[in-house]
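In: Structure of the sequence below:
(one chain, ligands or ions: 1)
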Amino acid sequence: MASLHPPPSPPILYSFESPNELSENLAAFIVRAQKEAVDKKGRFTVALSGGSLPKQLNKLIDNPAVKWDKWQVFFADERCVPLDHEDSNYNLCRKELFSKVSIPKQNIHHIDVSLLDDLEELADAYEKALISEFAQKDSARFPVFDLILLGIGPDGHTCSLFPEHPLLTEEDRWVAYIEDSPKPPPKRITLTFPVLNHALRVVFIAAGEGKADILSTIIDNPQAGLPASRVTPSHPGQVYWYVDNAASAKVKYHKSEFKL
Ligand SMILES: O=C(O)[C@H](O)[C@@H](O)[C@H](O)[C@H](O)COP(=O)(O)O
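Out: Numbering: from 1, shown residues only. Sure thing, here's the model as predicted:
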C-alpha cells in the first residue's frame, strides 16, 4: 500500500569545475525557483546564511530575470550583534548583495536589535515575523520556504545548529536562540530543523578543498548524524548540493549532471 507520507527524496549533488561556474549555475537555479514561486504565489521566500554564502550570490546582481521586489528575505541564522557590526550576517548580506540590488527594505527581515539584551524575546520576535509572513498567508504548521541557502562548517554544522547541541532535538519552535555557539560570536538565533525540513528547496553551497573531508562525511555517511546530514525536507521538499570539484573530491555519492 502506498504510504501517505512519501520518504524524503535523496539529495541532488552538482559539482562544478570552479567557484565561478558554481555561482553561475546557482544563479540560474535560483532564478528558476523564483519564477515558479512568483508564478504560483506572487512572492519568493528565501532564507540566507552568513559565511561565504552571500558572496556566492554575485551572479544574481545584474541579472534582469531577478524580480527583487518579489523577494521576502529572512536569515537562516543571525549573530546577536548590532546590524552594523562586522559579525552581523545582515551586514555581510547588505555589503555583498542588498546594497547592489533593489529588494524593498520592508522585505528584508532582520533581527530587532532593541532586544539584544534578551535573546528569548529576540528569537520570539523573529518567529513572529515569520508567522506574519507564512502562517497568515499559507496557514501551515511550519513555514514553507521556497528556498533556504545554507553553508556548512568544518564540524558539520549548518545555520547555527551545532553537533550534539540540545537544539538539534527542537520540534516545535521555528526560531531558537543559543548562547554557547562554538563558532564565535556565541550568541545567535537560528531557524530550527522543523523549519529546514519543511522547505521546498534547501541548497547547501560549499567550495574549496577545506570542505572536502566534512562534505564526504555529511553526504556519504549521513548515519553519523551531523547537523547538515539531518536536513531532509519532507515531500515534496528537496535538498541540493552546489559544490565545486575541490570540495567534492572525496565524495563517493552520485553526482548529477546540471540541466536547466
Ligand atoms: O552565521 C554563520 O556562522 C553561518 O550562517 C554558518 O552556518 C555558515 O554558513 C557556516 O559556518 C559556513 O561558513 P563558511 O561559508 O564561511 O565556511
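In: Show me what from the stretch 51-200 of the chain comes close to the ligand.
Out: 51-53, 77, 79, 89, 151-153, 157-159, 183 (C-beta under 6 Å from any ligand atom). The C-beta positions use only the backbone N, C-alpha and C, and glycine is treated the same way.
In: what about 8 Å?
Out: For the stretch 51-200 of the chain, the residues in contact with the ligand (C-beta under 8 Å from any ligand atom) are 51-53, 76-79, 89, 150-154, 157-160, 181, 183, 188.
In: Just the buried residues of those.
Out: 51-53, 76-79, 89, 150-153, 157-160, 181, 188 (16 or more other C-beta atoms under 10 Å).
In: Among those residues, which are located in helices?
Out: Among these, the ones falling in helices (DSSP state H) are residue 89.
In: What about the buried ones among the residues of the stretch 51-200 of the chain next to the ligand, which are in strands?
Out: 77, 78, 79, 150, 188 (DSSP state E).
In: Determine which two of those residues are furthest apart.
Out: By the measure C-beta to C-beta, 79 and 150 form the most distant pair in these, at 15.6 Å.
In: so residue 120 makes contact with residue 177?
Out: Yes - using C-beta atoms under 8 Å, residue 120 is in contact with residue 177, at 6.4 Å.
In: who has more neighbours, the two?
Out: residue 177 (21 against 10; other C-beta atoms under 10 Å).
In: That one and residue 77, how far apart?
Out: Relative to residue 77, residue 177 is positioned 10 Å away (C-beta to C-beta, to the nearest Å).
In: Between the two, which contacts overlap?
Out: Listed as contacting both residue 177 and residue 77 by C-beta atoms under 8 Å, 6 or more residues apart in numbering are 188, 189, 190.
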